[in-house]
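**Q** Everything below, folded, please.
(one chain, ligands or ions: 1)
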Amino acid sequence: MQSKTATLRIDDKEIALPVMIGTEGEKAVDARKLRQDTGYIFYDQGYGNTGSCESAVTYLDGDNGILRHRGYPIEQLAEHSEFVETAYLVIYGELPTQEQRKNFGNLLRENAHVETQMQRLFEGFPKDAPPMAILSSLVGALAAYYPQLATNNFEKDLQQFDLAAAIAISKIRTLGAMIYRHTRGLPFMHPKDLPFCDNFLHLMFSEPYQEYVSIPEVTQALNLILLMHSDHEQNCSTSTVRMVGSSGANLFTSLAAGVNALSGPLHGGANVAVMQMLQSIHDEGDDGTRFIAAAKSGSKGNRLMGFGHAVYKNFDPRARVIGKACGVVLNKLGKSDPLLDIAQNLEQAALKDDYFISRKLYPNVDFYSGIIFRALGIPTNMFTVMFAIGRSPGWIANWREVASNAKGRIYRPRQIFVGSPKRDYVPMAKRS
Ligand code: SDX
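**A** Below you'll find the model as predicted:
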């Protein structure tokens, strides 16, 4: 890492702060000594201008719409790779050899089942419980069922990392399918000796009296959509996984925190909100004009869901890939979806509207993903669970960076206090 310095002049003092330059030329002022040298902190609500870590997993250039996992452009991975291979790449840093890919796939299959005792946890969840609330509870529960892999001692937990990572990826997939069946009153299916995505579709759609018949185009589309979600730099949920992991918390506990962060409508919950928005436009026979007008009010409750991004001020490259795949998948499956037409019209209209242009608001990963999930027979309330299944490798890779960093520190941001100045206690009798 090259380094030079930045000069900060404050209160008649001048201090030199080291400058860090990343692999792709991103520049940062190293502020780790700022408070001790000046008594000041930087204030950056939402951390939009703050780097919390050095990471080698994903590179993202929001201005130019670039996304690479371990150096490989997302467009190339979308064209040539599949979810499990990309999961291996994101976690271990290299594309797997044939042997490594086989062994990783076997480890995922061997850990696809959910223990009977853990299955009983479902009995405590109402059928109409929000799927992400169930998922976060069950992912956290993995720490209770695998305490030997979740000791909260980085050295011990890292010795078992490969197994813990495989359990996390494989069981989050199986638990996702179980949540779908539980909320529909359907019996759980047992995992079979199938590839990752085929096993998911079997766990979702097989019945005791009728096996799910694999459709290559569906499996391929599911691989693509999960791959497109596999990691995304320091997004809200991934930063949450790092934050929780920085306390020494085990992988499963940290992942459960990531699931919770992802569930918000401004983050992973947006794919559900997009479909609800498109469905509402369809049901009202609106061409989207009303929605766009309401979205321009800017209030968080009226936003054009699936549009805008905290980092991309250009097209989200994933939206391009998924947007293109929508038509292909629907054609291959001999399906059509009026919501796709509405989404495409909405995109065209918004991209011509100065409100969106001036704010650099483009479609993001969530704008089209729901169209594909729906084409695969996955119901809207399961879309964010699908996002969590896809993002599990990225969360795991980031937890591993935190756990492996011998010089790592607990994440503990500062604040600017704006509350009441010092005051003395007032006995109850004297309070007005
Ligand atoms: C994901 O971080 C990641 O990498 C996340 C993610 C990942 O893979 O992990 O990419 C996944 O979360 C994608 C984003 C999904 N969320 C949505 O689609 C929800 C709709 N989008 C927004 O709420 C918003 O764009 C955010 C939350 C995504 C980004 O918010 P920012 O960067 O904090 O933007 P902002 O709130 O500061 O808005 C800037 C301006 C404001 O207007 P002004 O105050 O300047 O007048 O843009 C407006 C906002 O009102 N704006 C929108 C808008 N998004 C921002 N106006 C209408 N519709 C929108 N969608």
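
**Q** Tell me which residues touch the closest residue to the ligand within the chain, please.
**A** Here the chain gets closest to the ligand at one residue, residue 308, 2.4 Å apart by Cβ to the nearest ligand atom. No exception for glycine: its C-beta is placed from N, CA and C like everyone else's. Contacts for residue 308 were tallied using Cβ atoms under 8 Å, 6 or more residues apart in numbering; they are 359, 361-362, 364.

**Q** Please verify my assumption that residue 100 contacts residue 89.
**A** No: contact between residue 100 and residue 89 fails when scored by Cβ atoms under 8 Å: they sit 10.3 Å apart.

**Q** ok, the two, which is more surrounded?
**A** Counting neighbours by other Cβ atoms under 10 Å for residue 100 and for residue 89 shows that residue 89 has the greater number, 24 against 14.

**Q** name the element that one belongs to?
**A** Secondary-structure element containing residue 89, defined by DSSP states H and E: helix 83-92.

**Q** quick one on the thing from earlier: which of the contacts of residue 308 count as buried?
**A** Taking 16 or more other Cβ atoms under 10 Å as the criterion, what is buried in these is 361-362, 364.

**Q** and the residues you listed as a markdown table, adding pLDDT, secondary structure and distance to residue 200?
**A** As requested, the buried ones among the contacts of residue 308 are arranged in a markdown table below (pLDDT from 0 to 100; DSSP: H, G, I helix; E, B strand; the rest coil; distance: Cβ to Cβ, whole Å):
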| residue | pLDDT | secondary structure | distance to residue 200 |
| --- | --- | --- | --- |
| 361 | 93 | coil | 33 |
| 362 | 92 | coil | 30 |
| 364 | 92 | coil | 24 |
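
**Q** Give me the contact list for the strand or helix carrying residue 219.
**A** Remark: residue 219 resides in helix 216-227, with elements defined by DSSP H and E. By Cβ under 8 Å, 6+ apart, the residues outside helix 216-227 that reach it are 77-78, 81-83, 86, 195, 197-198, 200-201, 321-322, 325, 329, 332-333, 369, 372-373, 375-376, 386, 389-390.

**Q** Can you name the secondary structure element that comes next after it?
**A** Following helix 216-227 in sequence, per DSSP H and E, is helix 236-245.

**Q** Report all helices and strands that whichever helix or strand comes after that next one contacts.
**A** From helix 236-245 onward toward the C-terminus, using DSSP H and E, the following helix or strand is helix 251-262. Under the contact criterion of 3 or more Cβ pairs under 8 Å, 6 or more residues apart in numbering; DSSP states H and E, helix 251-262 touches helix 131-145, helix 161-182, helix 236-245, helix 383-404.

**Q** Please point out which parts of the second one sit buried.
**A** The one in question is helix 161-182. The neighbour-count criterion (16+ other Cβ under 10 Å) identifies 161, 164-182 as the buried residues of helix 161-182.

**Q** got it, and the last one?
**A** By neighbour count with 16+ other Cβ under 10 Å, helix 383-404 contains the buried residues 383-403.

**Q** thinking again about what came up before, summarise which helices and strands the helix holding residue 89 is packed against.
**A** Helix 83-92 is packed against strand 66-69, helix 98-110, helix 196-205, helix 216-227, helix 383-404, with contacts defined by 3+ Cβ pairs under 8 Å, 6+ apart.

**Q** Restrict the fourth one to CA atoms and write it as PDB.
**A** Translated: helix 216-227. Only the C-alpha atoms of helix 216-227 are listed here, as PDB (Å, rounded to 0.1, in the frame of the first residue of the first chain):
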ATOM      1  CA  PRO A 216     -32.600 -26.600 -16.300                       C
ATOM      2  CA  GLU A 217     -33.700 -23.100 -17.200                       C
ATOM      3  CA  VAL A 218     -35.100 -22.600 -13.700                       C
ATOM      4  CA  THR A 219     -31.900 -23.900 -12.000                       C
ATOM      5  CA  GLN A 220     -29.800 -21.800 -14.300                       C
ATOM      6  CA  ALA A 221     -31.800 -18.600 -13.500                       C
ATOM      7  CA  LEU A 222     -31.700 -19.400  -9.800                       C
ATOM      8  CA  ASN A 223     -27.900 -19.800  -9.900                       C
ATOM      9  CA  LEU A 224     -27.600 -16.500 -11.700                       C
ATOM     10  CA  ILE A 225     -29.800 -14.500  -9.300                       C
ATOM     11  CA  LEU A 226     -28.200 -15.900  -6.200                       C
ATOM     12  CA  LEU A 227     -24.700 -15.300  -7.700                       C
END
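
**Q** now the angle between helix 83-92 and the helix holding residue 219, please.
**A** Taking axes from the mean of the first three to the mean of the last three Cα atoms, to 10 degrees, one finds helix 216-227 and helix 83-92 inclined to each other by 20 degrees.

**Q** returning to what we had before: nearest to residue 348 among the contacts of residue 308?
**A** residue 362 (12.2 Å; Cβ to Cβ).

**Q** That's all I had, so thanks and see you.
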